[in-house]
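1. 3D, please:
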Amino acid sequence: MKFFILALMVANAVLCVLFIDNYHHTLKLQKKLDQINKELYLKEMIQKEQLKEYEKQAEKRKKKLEQMKTEINNSMQKIDQAD
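-> Alright, predicted model coming up:
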(Lines give C-alpha, C1' and ligand atoms only; values in the text may rest on other atoms or scores of the structure.)
Protein backbone atom coordinates (compact mmCIF):
# COMPACT_ATOMS: atom_id res chain seq x y z
CA MET A 1 0.00 0.00 0.00
CA LYS A 2 2.84 2.42 0.85
CA PHE A 3 4.48 1.56 -2.47
CA PHE A 4 1.27 2.39 -4.31
CA ILE A 5 0.96 5.76 -2.57
CA LEU A 6 4.65 6.49 -3.24
CA ALA A 7 4.18 5.55 -6.91
CA LEU A 8 1.19 7.90 -7.16
CA MET A 9 3.17 10.74 -5.56
CA VAL A 10 6.07 10.18 -7.98
CA ALA A 11 3.68 10.04 -10.92
CA ASN A 12 2.02 13.23 -9.69
CA ALA A 13 5.41 14.96 -9.36
CA VAL A 14 6.42 13.85 -12.88
CA LEU A 15 3.14 15.11 -14.29
CA CYS A 16 3.61 18.47 -12.55
CA VAL A 17 7.12 18.79 -13.98
CA LEU A 18 5.85 17.90 -17.44
CA PHE A 19 3.00 20.37 -17.11
CA ILE A 20 5.34 23.19 -16.07
CA ASP A 21 7.77 22.32 -18.88
CA ASN A 22 4.92 22.30 -21.38
CA TYR A 23 3.70 25.65 -20.08
CA HIS A 24 7.14 27.24 -20.49
CA HIS A 25 7.46 25.76 -23.96
CA THR A 26 4.03 27.16 -24.86
CA LEU A 27 5.08 30.61 -23.64
CA LYS A 28 8.22 30.50 -25.78
CA LEU A 29 6.19 29.47 -28.81
CA GLN A 30 3.69 32.26 -28.15
CA LYS A 31 6.49 34.83 -27.97
CA LYS A 32 7.94 33.49 -31.20
CA LEU A 33 4.52 33.64 -32.86
CA ASP A 34 4.03 37.23 -31.68
CA GLN A 35 7.43 38.20 -33.09
CA ILE A 36 6.66 36.53 -36.43
CA ASN A 37 3.30 38.30 -36.58
CA LYS A 38 4.99 41.64 -35.85
CA GLU A 39 7.59 41.04 -38.57
CA LEU A 40 4.87 40.03 -41.00
CA TYR A 41 2.88 43.16 -40.21
CA LEU A 42 5.93 45.37 -40.74
CA LYS A 43 6.71 43.65 -44.05
CA GLU A 44 3.11 44.15 -45.16
CA MET A 45 3.29 47.85 -44.32
CA ILE A 46 6.58 48.21 -46.21
CA GLN A 47 5.10 46.36 -49.19
CA LYS A 48 2.04 48.62 -49.18
CA GLU A 49 4.23 51.73 -49.14
CA GLN A 50 6.36 50.35 -51.97
CA LEU A 51 3.24 49.56 -53.97
CA LYS A 52 1.90 53.09 -53.43
CA GLU A 53 5.21 54.55 -54.60
CA TYR A 54 5.28 52.24 -57.62
CA GLU A 55 1.73 53.22 -58.57
CA LYS A 56 2.58 56.90 -58.15
CA GLN A 57 5.64 56.53 -60.41
CA ALA A 58 3.61 54.54 -62.96
CA GLU A 59 1.01 57.31 -63.05
CA LYS A 60 3.74 59.93 -63.59
CA ARG A 61 5.22 57.87 -66.43
CA LYS A 62 1.78 57.46 -67.98
CA LYS A 63 1.13 61.22 -67.86
CA LYS A 64 4.55 61.92 -69.34
CA LEU A 65 3.91 59.41 -72.13
CA GLU A 66 0.54 61.01 -72.89
CA GLN A 67 2.20 64.42 -72.98
CA MET A 68 4.87 63.13 -75.38
CA LYS A 69 2.19 61.58 -77.62
CA THR A 70 0.31 64.88 -77.68
CA GLU A 71 3.50 66.78 -78.56
CA ILE A 72 4.29 64.32 -81.36
CA ASN A 73 0.74 64.57 -82.72
CA ASN A 74 0.90 68.38 -82.60
CA SER A 75 4.25 68.33 -84.40
CA MET A 76 2.86 65.97 -87.04
CA GLN A 77 -0.17 68.22 -87.54
CA LYS A 78 2.09 71.26 -88.00
CA ILE A 79 4.15 69.34 -90.56
CA ASP A 80 1.00 68.26 -92.39
CA GLN A 81 -0.31 71.84 -92.39
CA ALA A 82 2.99 73.16 -93.71
CA ASP A 83 2.80 70.79 -96.70
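2. tell me which element Ile72 is part of?
-> Using DSSP states H and E, Ile72 falls within helix 2-82.
3. Just list the residues touching Lys69, thanks.
-> Lys69 sits next to no residue when contact means Cβ atoms under 8 Å, 6 or more residues apart in numbering. Every C-beta, even on glycine, is put in place using the N, C-alpha and C of the backbone.
4. Any figure for the gap between it and Glu55?
-> Separation of Lys69 from Glu55 (Cβ to Cβ, to the nearest Å): 21 Å.
5. And Lys32, by the same measure?
-> From Lys32 to Glu55 the distance is 35 Å (Cβ to Cβ).
6. Thr26 too?
-> For Thr26, the distance to Glu55 - Cβ to Cβ - is 43 Å.
7. can you list the weak-confidence ranges in this protein?
-> Applying pLDDT under 70 to the chain flags residues 83.
8. what do you get if the cut-off is 80, keeping everything else the same?
-> Scanning the chain for pLDDT under 80 picks out the ranges 78-83.
9. that older thread, pull the distance from the helix holding Ile72 to the chain's centre.
-> How far helix 2-82 lies from its chain's middle: 0 Å, per Cα atoms, centre = their mean, to the nearest Å.
10. ditto for stretch 72-83
-> On Cα atoms, centre = their mean, the centre of stretch 72-83 falls 52 Å from that of its chain.
11. Tyr54 - how many residues pack around it?
-> 10 (other Cβ atoms under 10 Å).
12. Check Leu51 too.
-> 10.
13. same deal with the one 10 residues further on?
-> Residues contacting Arg61 under the criterion other Cβ under 10 Å number 10.
14. Now do it against Ile72, distance only.
-> Taking Cβ to Cβ, one finds Arg61 at 16 Å from Ile72.
15. what does Glu49 give?
-> From Glu49 to Ile72 the distance is 35 Å (Cβ to Cβ).
16. Could you do Phe3 as well?
-> From Phe3 to Ile72 the distance is 100 Å (Cβ to Cβ).
17. Neighbour count: these two, which is higher?
-> More crowded of Phe3 and Ile72, by other Cβ under 10 Å: Ile72, with 10 against 7.
18. For that one, give me its contacts.
-> With Cβ under 8 Å, 6+ apart, Ile72 has no contacts at all.
19. That concludes my questions; thank you for your assistance.
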